[in-house]
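Asks: Need coordinates for the below:
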Amino acid sequence: MQLVSLKPVPSQTLNVALGSQQCSLKVYQRFYGLYVDLYVNNALVIGGVVGQNLNRIVRSTYLNFVGDFIFVDSQGLDDPAYSDLGSRFFFFYLTPTDLGALGLVG
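Replies: Okay, the predicted model is just below:
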């Protein structure tokens, strides 16, 4: 499990190599929650997925993404809000090994 550092701002884009993949993540606040878009090598993998506490972002193996992402509320069970990213809400990349250890399909 690897922490992906997010800032407490309503919209951000970051580029990071994860699982031998060149990833671009867009994380943005909307009225009904925090959303994530994931691109690998400039190709959209998932778009407009709502971030929920401990709920995987990618979920589907047919998308051919190696690993997955989750938000974690360090102080309870709330879904993430941008204002507390990096202090209360953390965003993690899960490797296939992490997913297997959790009993989840990679």
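
Asks: hey, let's count contacts and neighbours off CA atoms from now on
Replies: OK.

Asks: max-length strand in the chain?
Replies: In the chain, taking DSSP state E as the definition, the longest strand is strand 21-30.

Asks: Now do the buried residues in that strand.
Replies: Under the neighbour-count criterion of 16 or more other CA atoms under 10 Å, strand 21-30 has 23-29 buried.

Asks: Dump these into JSON lines; add distance to Phe69 as well.
Replies: As requested, the buried residues of strand 21-30 are exported to JSON lines (distance: CA to CA, whole Å):
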{"residue": "Cys23", "distance to Phe69": "12"}
{"residue": "Ser24", "distance to Phe69": "13"}
{"residue": "Leu25", "distance to Phe69": "11"}
{"residue": "Lys26", "distance to Phe69": "13"}
{"residue": "Val27", "distance to Phe69": "12"}
{"residue": "Tyr28", "distance to Phe69": "15"}
{"residue": "Gln29", "distance to Phe69": "17"}
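
Asks: What score does Tyr32 have for pLDDT?
Replies: On the pLDDT scale, Tyr32 is placed at 89.

Asks: how near is it to Leu77?
Replies: Separation of Tyr32 from Leu77 (CA to CA, to the nearest Å): 17 Å.

Asks: Just the CA trace of the worst-scoring helix or strand of the chain on mean pLDDT, in CSV.
Replies: When the helices and strands of the chain are scored by mean pLDDT, DSSP states H and E, helix 96-101 comes last with a mean of 89. Backbone C-alpha positions of helix 96-101 (Å, rounded to 0.1, in the frame of the first residue of the first chain) are rendered in CSV as follows:
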residue,chain,number,x,y,z
PRO,A,96,-2.1,-6.6,-6.5
THR,A,97,-0.4,-8.1,-3.4
ASP,A,98,-2.3,-5.7,-1.1
LEU,A,99,-5.5,-6.7,-2.8
GLY,A,100,-4.8,-10.4,-2.4
ALA,A,101,-3.9,-9.9,1.3
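
Asks: Neighbour count for Tyr32 and Leu77, which is higher?
Replies: Leu77 (11 against 8; other CA atoms under 10 Å).
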